[in-house]
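Chemist: return atomic coordinates for the entry below.
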Amino acid sequence: MRRITALILAFLAGTGSAMAAPDTIEIPFGDLKLKAFLYRPEGNGPFPAVVALHGCDGLAGTHAPLGRRYRDWGEKLLAAGFVVVFPDSFGSRKLGAQCTVAERKLRSGRERVGDAEAARKWLQAQDYVASERVSLLGWANGGVAALWTVRPHAGAKDDKPDFRSAVALYPGCRRLRDTAWSARAPTLILVGARDDWTPANACEQMVSGARGRSAQVAITVYPGAYHDFDHPNLAVQVRTGIVTAIGATRAHVGTDPAARADAFRRVPEWLAR
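Modeler: Residues are numbered from 1 along each chain as shown. So this is what the prediction gives:
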């Protein structure tokens with residue numbers, strides 16, 4: 001309990017001071033060299049680790065190779081003592097943002113599951129990582145990939161420890177719900193009640209349907225929050241031209257300070273279990 005408390009306090013202290021830039025690495029994945037960004041605490045470890053999966057806009061920001069949301073989370077998890085690796089699923093395959101693409105070549109339930117597993121194996125080969133404490137974190141499309149990754153039939157087929165836990169922020173749950181999703185690892189879902197891109201009710205139904213045949217699954221629905229509620233500074237606005245599983249072409253996005261603060265409390269607590 002003391003370790004968990006210390007991790008949470010460090011996480012909430014966040015990024016008030018300048019943090020070291022992440023390292024750029026390459027992760028072998030078949031014939032592909034999966035490019036990724038790595039945050040690593042100082043010292044020998046072994047440290048707990050997180051594989052972090054980006055959303056449909058990709059990993060890069062407007063003016064930086066790593067977007068503000070991901071830098072924010074990476075720095076805060078680093079301050080809490082986690083190794084964090086962000087695989088670049090799109091850039092590694094020379095793909096741009098996929099939020100407006102109807103027929104996506106890269107599937108969250110297949111190739112992105114492979115990316116998550118490849119990143120897990122890479123982390124577990126590093127002597128500064130506690131191999132039995134590698135968890136999974138994903139946003140939106142990356143959250144969907146995280147949920148597919150922890151399904152029972154998608155279990156690891158190597159001799160390394162499996163993912164310890166998973167967190168999905170505002171994932172699209174409709175297809176997973178309709179295919180009787182369940183999880184083999186403790187899984188936390190965080191979503192906004194007013195999310196009209198990836199509606200909360202599908203995730204609530206998915207979680208309800210998994211009861212009794214799944215590892216522990218928890219969901220928190222934030223009243224008044226929209227998609228992208230954890231963004232560092234995004235005014236609530238309507239985004240148009242998107243393609244969603246529910247047929248929408250526009251949705252609200254924007255920061256919700258209360259939901260963001262609560263997510264920053266819940267996520268490290270879950271990952272430190």
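
Chemist: C-alpha only now, for contacts and for neighbours.
Modeler: Will do.

Chemist: so for stretch 62-81, what gets flagged as buried?
Modeler: When neighbours are counted by 16 or more other C-alpha atoms under 10 Å, the buried residues of stretch 62-81 are found to be 66-81.

Chemist: next one: stretch 165-184
Modeler: Applying a neighbour-count criterion of 16+ other C-alpha under 10 Å, one finds 165-174, 176-177, 181-184 buried in stretch 165-184.

Chemist: could I get that stretch in PDB with only the CA atoms?
Modeler: Taking only C-alpha atoms (Å, rounded to 0.1, in the frame of the first residue of the first chain), the coordinates of stretch 165-184 have been written out as PDB:
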ATOM      1  CA  SER A 165      -3.400  -5.100 -16.100                       C
ATOM      2  CA  ALA A 166      -4.900  -2.800 -18.700                       C
ATOM      3  CA  VAL A 167      -6.600   0.700 -18.900                       C
ATOM      4  CA  ALA A 168      -8.600   2.000 -21.800                       C
ATOM      5  CA  LEU A 169      -9.600   5.600 -22.100                       C
ATOM      6  CA  TYR A 170     -12.800   6.300 -24.100                       C
ATOM      7  CA  PRO A 171     -12.600   3.200 -26.300                       C
ATOM      8  CA  GLY A 172     -15.300   2.300 -28.900                       C
ATOM      9  CA  CYS A 173     -17.000  -0.700 -27.200                       C
ATOM     10  CA  ARG A 174     -19.800  -1.500 -29.600                       C
ATOM     11  CA  ARG A 175     -18.100  -4.300 -31.600                       C
ATOM     12  CA  LEU A 176     -16.400  -5.700 -28.500                       C
ATOM     13  CA  ARG A 177     -19.800  -5.700 -26.700                       C
ATOM     14  CA  ASP A 178     -21.400  -7.500 -29.700                       C
ATOM     15  CA  THR A 179     -18.700 -10.200 -29.700                       C
ATOM     16  CA  ALA A 180     -19.200 -11.000 -25.900                       C
ATOM     17  CA  TRP A 181     -15.900  -9.400 -24.800                       C
ATOM     18  CA  SER A 182     -14.200 -10.500 -21.600                       C
ATOM     19  CA  ALA A 183     -10.700 -10.000 -20.200                       C
ATOM     20  CA  ARG A 184      -8.000 -12.200 -18.900                       C
END
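
Chemist: now it: mean pLDDT?
Modeler: Mean per-residue pLDDT for stretch 165-184: 96.

Chemist: swap in stretch 93-102?
Modeler: On average, the pLDDT along stretch 93-102 is 87.
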